[in-house]
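Trainee: only the shape, not the letters, is given here:
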């Protein structure tokens with residue numbers, strides 16, 4: 001009996017230790033991503049200072065959805081100490097929590113067990129710029145493409161750059177994968193992501209999303225959320 005009690009106690013302690021280690025690892029991953037975002041913010045602000053206060057301008061083409069968010073990298077990477085063509089070697093643009101992504105269309109969803117940062121189609125970046133999008137699926141989203149940075153009215157709450165999942169939203173940190181059951185989309189309300197704001201600070205926040213299917217979550221949320229996409 002004493003042996004069984006000892007084994008039970010050891011099992012409980014082991015489970016507690018695993019939980020603590022998992023929580024600690026999660027915080028470390030978030031901290032590493034947050035540090036990347038701060039450095040990229042600094043690079044983007046230097047680019048803006050050299051560009052008459054303008055933020056990078058996206059292609060703004062509805063048939064090129066991803067480049068609207070990733071093209072900023074080409075504009076700012078030299079300010080972050082990276083030169084040449086984009087590649088997997090651009091480690092500043094790699095979030096260590098980026099281990100999978102989803103390919104989503106209006107009729108299909110696919111879980112991809114690879115880093116988004118490893119994909120040429122995403123210009124080897126885990127992070128997207130709050131550019132806004134042109135009309136797509138009948139909707140528009142606000143953003144900062146080509147806008148004067150100094151004109152942003154609430155820099156402390158306006159998103160500048162964020163982990164890519166914040167734009168859809170889902171989460172690398174609290175994921176639903178490989179895919180939810182019952183045909184549900186992997187997107188979900190209050191997915192938590194690292195977000196970098198115009199004023200330079202980074203916060204790990206909940207992202208609003210309320211529709212059955214939307215190509216992006218980049219719409220200003222209702223009251224109770226600590227961010228906005230619009231610069232107004």
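Mentor: It's in. Bear in mind the structure is a predicted one, so any value in this text is a computation, not a measurement. Numbers count the residues shown, from 1 in each chain.
Trainee: what is the stretch of helix or strand residue 194 belongs to packed up against?
Mentor: Secondary structure from DSSP states H and E places residue 194 in strand 191-197. With contacts taken as 3 or more C-beta pairs under 8 Å, 6 or more residues apart in numbering; DSSP states H and E, strand 191-197 sits against helix 2-49, strand 159-163, strand 202-207. The C-beta positions use only the backbone N, C-alpha and C, and glycine is treated the same way.
Trainee: these two touch, right, residue 92 and residue 37?
Mentor: No: Residue 92 lies out of contact with residue 37 (C-beta atoms under 8 Å); the separation is 9.7 Å.
Trainee: worst average pLDDT in the helices and strands packed on strand 191-197?
Mentor: Sorting the helices and strands packed on strand 191-197 by mean pLDDT places helix 2-49 lowest, at a mean of 69.
Trainee: which helix or strand lies directly C-terminal to that helix?
Mentor: helix 67-70.
Trainee: who's in contact with that following helix?
Mentor: 58-61, 122-123, 125, 128-129, 131-134, 145, 164, 167 (C-beta atoms under 8 Å, 6 or more residues apart in numbering).
Trainee: please pick the buried ones from those.
Mentor: Applying 16 or more other C-beta atoms under 10 Å to those, the neighbour count classes 58-60, 122-123, 125, 128-129, 131-134, 145, 164, 167 as buried.
Trainee: between residue 92 and residue 37, who's got more neighbours?
Mentor: residue 37 (26 against 18; other C-beta atoms under 10 Å).
Trainee: need the contact list for the residue nearest to that one when sequence neighbours are not counted.
Mentor: Using C-beta to C-beta, 6 or more residues apart in numbering and skipping residues adjacent in sequence, the residue nearest residue 37 is residue 196, 3.9 Å away. Applying C-beta under 8 Å, 6+ apart to residue 196 gives the contacts 34, 37, 38, 40, 41, 159, 160, 161, 162, 202.
Trainee: make a markdown table from the residues you listed and add distance to residue 109 to it.
Mentor: Shown next, in a markdown table, are the contacts of residue 196 (distance: C-beta to C-beta, whole Å):
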| residue | distance to residue 109 |
| --- | --- |
| 34 | 28 |
| 37 | 27 |
| 38 | 32 |
| 40 | 29 |
| 41 | 31 |
| 159 | 25 |
| 160 | 28 |
| 161 | 25 |
| 162 | 21 |
| 202 | 29 |
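Trainee: which of these count as buried?
Mentor: 34, 37, 40, 41, 159, 160, 161, 162, 202.
Trainee: of these, closest to residue 229?
Mentor: residue 159 (5.6 Å; C-beta to C-beta).
Trainee: now the closest one. Nearest residue, chain neighbours left out?
Mentor: Per C-beta to C-beta, 6+ apart, closest to residue 159 is residue 130, 4.4 Å.
Trainee: okay but the one you found is in contact with residue 164, surely?
Mentor: No: taking contacts as C-beta under 8 Å, residue 130 lies outside contact range of residue 164: 11.7 Å.
Trainee: any idea of the pLDDT on residue 218?
Mentor: 72.
Trainee: now the nearest residue to it once chain neighbours are set aside: how far from residue 184?
Mentor: Counting by C-beta to C-beta, 6+ apart, residue 218 lies nearest to residue 141, which is 4.1 Å off, once chain neighbours are set aside. For residue 141, the distance to residue 184 equals 23 Å [C-beta to C-beta, to the nearest Å].
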